[in-house]
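Participant: I'll drop the sequence and a predicted model, then ask my questions.
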Amino acid sequence: MKVLVLGGYGLIGEAVLGRLVEDGHDLVGVGRDVHDARRRKPDVRWIAADMSRLLAAADWMPLLVGVGAVVNAAGALQDGPRDHLDAIHRLSIAALVTACEQAGVRQLVQVSAIGADPASDNAFFRTKAEGDRAVASSSLEWTILRPGLVIAPGAYGGTALLRALAAFPWFVPAILADRPIQTVPIAEVAEAVSRAVGGRLARGQIIDLVEERARPLGAVLLEFRAWLGLPKARVVTVPAIVGRLAGMVADGLGLLGWRSPLRSAALAALEKGVTGNSNPGPISLIAHRKLW
């Protein structure tokens, strides 16, 4: 089956592409700048497109020719010179849903995020939830996956922040050390997408992808440090105000094009905790394994 993967060279999208190639699907990846992606994944056909500009159903139609399923693994952490959350997470997804309905593309897998909530004061979680709502209210055969904190060789968002803190020399500065965190390996996210595309998950489901039990952020940082192969170090609790100030500085630098892992959106996500429902109920989804 021909599968269109949005955000195909991102943290989750690249893992999803690899898994779906193994499944034997015909893959088309979409992203703003696909030059490096063509080199890394030459067995995938790539289309350069900016989702923040695909805001009408007609804009999506050329991308959907012959497509049997769409996987949306695209996203941005917070607004910036190149990233517009409302356009990427809400407006473009609403247009995509309409285009799929008109083009006869029946299946859509939406990779969202734990904490997505239309009432959230955080733009990332609010716009993600609004995109989810557009998918869930459609006539398509949809599945919405909401991963917890994704652990992967690459780094983005909260994962990049944890990597930066865990790799700190001599000690581990733990901002919000007591916050509950549930993680998920990138391979399990890709496996869940594979099952959804292959019809091995019930359609019309919103599924949290998280490990069985939450752990304090400080404990996760120590395990992350060990996973990186770094020597043992003690956790030093850092006042939350320090993290907020660092986030404000990083946001300012972000306007100049530098994407620091300490951006305020990543800190806000950790501040409220990253937790979900680890019980897939009647769905036998994945075996929740120890991550490290």
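Facilitator: Happy to help now that I have it. Numbering: from 1, shown residues only.

Participant: Output stretch 11-22 as CSV, restricted to C-alpha atoms.
Facilitator: Taking C-alpha atoms only, stretch 11-22 is exported to CSV below (Å, rounded to 0.1, in the frame of the first residue of the first chain):
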residue,chain,number,x,y,z
LEU,A,11,12.4,12.1,15.3
ILE,A,12,9.2,9.9,15.1
GLY,A,13,8.7,10.1,11.3
GLU,A,14,12.0,8.6,10.4
ALA,A,15,11.5,5.7,12.7
VAL,A,16,8.0,5.2,11.3
LEU,A,17,9.3,5.2,7.7
GLY,A,18,11.9,2.6,8.5
ARG,A,19,9.3,0.3,10.1
LEU,A,20,6.8,0.7,7.3
VAL,A,21,9.5,0.0,4.7
GLU,A,22,10.1,-3.3,6.6
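
Participant: For it, list every residue counted as buried.
Facilitator: Neighbour-count burial for stretch 11-22 flags 11-20 (criterion: 16 or more other C-beta atoms under 10 Å). Bear in mind the C-beta positions are built from the backbone N, C-alpha and C, glycine included.

Participant: Show me how far it is from its chain's centre.
Facilitator: 13 Å (C-alpha atoms, centre = their mean, to the nearest Å).

Participant: That stretch - what's its average pLDDT?
Facilitator: What stretch 11-22 shows for mean pLDDT is 94.

Participant: phi, psi of Q205?
Facilitator: Dihedral pair for Q205: phi -120, psi 140, per degrees, to the nearest 10.

Participant: wouldn't it be in contact with I144 here?
Facilitator: Yes - using C-beta atoms under 8 Å, Q205 is in contact with I144, at 7.3 Å.

Participant: Between these two, tell me which one has more neighbours.
Facilitator: Taking other C-beta atoms under 10 Å, Q205 and I144 do not tie; I144 has more neighbours (23 against 17).
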